[in-house]
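*Asks:* Give me a 3D structure for the following:
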Amino acid sequence: MELGSIDLVIIIVGIIVGFYYWSTATHNHWKRLNVPGPKPLPLVGNFGSFYFGQKAFADIHQQFYKEWKREPFYGIYNARLPTLMVTDPELIRHILIKDFNVFNGRGININESDPLAHHLFNIEGHEWKVLRSKLTPAFTTGKLKHMIDLMIECADHYEKFLKDQIGSGKVLESRELAAKFTTDVIGSCAFGINMNAIGQEDSQFRIIGRKIFEPTIWNMVKRLMSILTPGLFRFLGLQTLSNEHTNFFINSIKETIKFRLKEKIVRHDLVDMLIDIKRHQNEIDFELTEALLASQAFVFFAAGFETSSTTISFALYELATVPETQEKLRTEIIETLAKHNGQISYEVINEMKYLNMVLQETLRKNPPVILLQRKSIQPYEVPGSDVTLPTGTRVFIPVYSIHHDEQYFPNPELFDPERFDEDDKKHSMTNLPFGDGPKNCIGARFAAYQSKLGLICILKHFKVLPSQSTKVPYEIDKAAIVLSVSGGINLKFEPLNTK
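*Replies:* The predicted structure follows:
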C-alpha cells in the first residue's frame, strides 16, 4: 500500500510532536517540587548554548549562579535530566560529607563494555568502596616522598629539555609544555614506565592524553547521548578511546605488571598496589579482571597529567600577567634552593610557603574541574526546606562559580595569592578544587607537588611574559569540560642570567 502525501505529513507531524513531548516530558520536575530555576528549552534543557557551541560550560553556570545565588539551591535541566544546583556552603557540606551515605555516587552513565570506564571516578557503591580503600595507601606521606624523588628525576630531564628548546623570547603553548612534564611524571611515579613525552612529539602516551580531553564535536555528541539516551549510548558501544588506544594502554599496563612479577621488581607505586590487590583477590567479593585493574591505572594517568598540566599552565599565565607576583615567587624559589645547595626534596618544597599560596590561588581562580557531581540513592529531605528529592536526583556543585563569588573572595578576578595566607580562614566548602569528603580526589597531594615542581623547574630558569597572542582576560574554550583556554596559553619564555 502506497502512502499519500497527506499520510506522510501526518506521520512526520506525529514524529515531531512525539519527539517534542519526549524531550520535554521531564521539564516540569522542579516545578512540581516547588524548586525555583530557569526555564528549559526542548531537548537541550538549559544548556542549548553549550551544545550548539555558543557558550562555554563554565560561563553558562556563571550566568545561572549570578541569577539564582540568592537561593540555597535551584533546579536546572541538563538536556532532559533534572539537576539540582547547590550553592549554600552548609548544604554542600551535607551532600559531600555529612550525608555522603545518600550521595555516594556521581551518576555517570558508562558503557559496560568499555574496558577503561570502570575506574574510581565512575564506579559507585560497594565496588568503589573496596577499590578506594585498597588504592588510598598509594598516596600516604611515605609513598609520596618516594614519588617526589622520582618526580625530581623527571624534573632534571625537563630542565634540560627547556634549556635546549627555549631560545630568547620564544613563544610556547604552556599547557602542552607542562603536559610533557606531567605525562612523564605520572608514567614514572605511578607506573614505572618511561613515557618519553618530554623529548618525543609522537609519544603514544601523550597522544592518548590529548585524545581523552580533546574538545571535539564528536566528544560533545557522545556526552549529550549519554545524558539523553543512555540506553542507546550503551547499545552503540561508545568508548572513552578508540580500540587502538585502549588496547595500547591496557597492554602497556599488563606488560609492566608481567615484567615486575618476573623480575621481582618493587617500586612502591600504583602498579605495585594493583599487583598486591590482584594477589589478594580472595579477600574481595568481585572479580578483578585485567581490564578493571587497567581502568584504575587509566584514571590516574588521565587525571594525573591533565589537572596538573592545566594548573601549571594557568599559574604561568597568571604570573606572566602579574610580574611582581612572579618575581616574589622566583625570589622565594631561588633563596630556598640556595639554602639547600640547590637540592630539591619533599621538605624543601614544603618550605616554599608563597609557592603554595600561588598554587592555591591558581586553583581558586582557574579550577580545572568546574563542578562536582553527585547522585542520591534514596529520597532526601533537603535541610532547612520542605523539599524532598526523589531517589536518583543529580546534584551539581558549581565550583568555578563559588570560587568567583565576591562574597567569599573579594575582587574575585584579581589574582592575589595573599588570600591564602595561613591566618586567613575561609569556609572549607567555598574552596573545592579537589572536592571534599570521602569521594574527594585521591591524588590531590600528588597533583599539588607535581604542579609545584613543574613551576620550580620553569621559574628558576626563565622569566614568563605575555606574548602578542596572549588574551587578557582569556576566553574559555566553548567545547571543553575541563577548564581550558580558547587558542591555548601562548607565553613568551626568556632565559634568566643564571648558571
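
*Asks:* secondary structure element for K492?
*Replies:* Element membership for K492, per DSSP states H and E: strand 490-495.

*Asks:* Please compute how far that strand lies from its chain's middle.
*Replies:* In terms of Cα atoms, centre = their mean, to the nearest Å, the centre of strand 490-495 is found 26 Å from the chain centre.

*Asks:* Neighbouring strands of it in the sheet, and parallel or not?
*Replies:* strand 170-173 (antiparallel), strand 462-466 (antiparallel) (DSSP bridges).

*Asks:* wait, which of the ones you listed is closest to I402?
*Replies:* strand 462-466 (28.0 Å; Cβ to Cβ). Where C-beta positions appear, they are placed from N, C-alpha and C, glycine not excepted.

*Asks:* out of the strands paired with strand 490-495, nearest to E290?
*Replies:* strand 170-173 (35.9 Å).

*Asks:* Would you mind pulling the contact partners of the closest one?
*Replies:* Q165, I166, S467, Q468, S469, G488, I489, N490, L491, K492, F493 (Cβ atoms under 8 Å, 6 or more residues apart in numbering).

*Asks:* what number of residues lie near the second one?
*Replies:* Using other Cβ atoms under 10 Å, I166 has 19 neighbouring residues.

*Asks:* ok, now the first one?
*Replies:* When neighbours are counted by other Cβ under 10 Å, Q165 registers 14.

*Asks:* Any figure for the gap between it and S188?
*Replies:* 20 Å (Cβ to Cβ, to the nearest Å).

*Asks:* show me where pLDDT drops low in the protein?
*Replies:* In the predicted model, the chain carries pLDDT under 70 at residues 1-4, 7, 167-169, 194-203, 210, 212-229, 232-233, 240-241, 423-425, 498-499.

*Asks:* max-length helix in it?
*Replies:* Assignment by DSSP state H gives helix 290-321 as the longest helix of the chain.

*Asks:* what's the angle from it to strand 462-466?
*Replies:* Orientation note: helix 290-321 sits at an angle of 80 degrees relative to strand 462-466 (axes from the mean of the first three to the mean of the last three Cα atoms, to 10 degrees).

*Asks:* Can you give the distance of helix 290-321 from its chain's centre?
*Replies:* 7 Å.

*Asks:* residues touching H403, list them.
*Replies:* Neighbour list for H403: R364, K365, P367, F409, P412, T430, N431, L432, P433 [criterion: Cβ under 8 Å, 6+ apart].

*Asks:* pretty sure F396 is touching T83, no?
*Replies:* Yes - using Cβ atoms under 8 Å, F396 makes contact with T83 at a distance of 5.4 Å.

*Asks:* who has more neighbours, those two?
*Replies:* Set side by side, F396 and T83 show more neighbours around T83, with 25 against 20, by other Cβ under 10 Å.

*Asks:* Please name the residues that touch that one.
*Replies:* By Cβ under 8 Å, 6+ apart, T83 lies in contact with G75, I76, Y77, R394, V395, F396.

*Asks:* so how far is K145 from it?
*Replies:* T83 is 41 Å from K145, by Cβ to Cβ.

*Asks:* end to end, how far does stretch 479-494 reach?
*Replies:* In terms of Cα to Cα, to the nearest Å, the two terminal residues of stretch 479-494 are separated by 32 Å.
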